[in-house]
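Undergrad: Pasting the sequence and the predicted coordinates here, then a few questions.
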Amino acid sequence: MELVRPHHRALFGQLVRYALTGGLASIVNIAVYWIGRDRLHIDANLAWTAGFLGAVTVGYIVHSRWSFRGHGRRDNLARTGGRFMVVSLISFALNSLWVWLFVQHFGLPTWAPIPLVLGVTPLAVFALNRHWVFA
């Protein structure tokens, strides 16, 4: 009798690869932001947006080739790329909501939205990527 079904093992592998890729995308986002702001002295919001776009690009390439390998099809770049961008914007908006709700609306400390940013948003985005973008 098998303790872990192959489907669950594949799902767990996707989740681990997704988390590692998300970490890489976050490093890209922060690095581009930091260099833009600190070294190039550009507006903070512009630097953050550039970092976000860099992270989305890296995220799409690595997620489509590694995180979700063997899952779904990749025959239409416009379809998957467009859907990935929509999901990325949902992620951006959801994280912005957590920050606004906890910090600006409720007046909680700066760190208050971080558990949701690191926990809820990535799981929601993983589900959207798995079932809609890379299905």
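TA: Structure received. Given the structure is predicted, the values throughout are model-derived calculations rather than measurements.
Undergrad: C-alpha from now on. contacts and neighbour counts both.
TA: OK.
Undergrad: buried stuff in stretch 53-69?
TA: Neighbour-count burial for stretch 53-69 flags 53-60, 62-64, 67-68 (criterion: 16 or more other Cα atoms under 10 Å).
Undergrad: Correction: the previous question concerned stretch 31-38.
TA: So, applying 16+ other Cα under 10 Å, buried residues of stretch 31-38: Ala31, Val32, Tyr33, Trp34, Gly36, Arg37.
Undergrad: can you check stretch 123-135 too?
TA: Leu123, Val125, Phe126, Leu128, Asn129, Arg130, Val133, Phe134.
Undergrad: Output the buried residues of stretch 31-38 as CSV; include the columns distance to Ala93.
TA: Output for these, formatted as CSV (distance: Cα to Cα, whole Å):
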residue, distance to Ala93
Ala31, 21
Val32, 20
Tyr33, 18
Trp34, 21
Gly36, 22
Arg37, 22
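Undergrad: Just the ones in strands from those, please.
TA: Among the buried residues of stretch 31-38, the subset assigned to strands under DSSP state E is empty.
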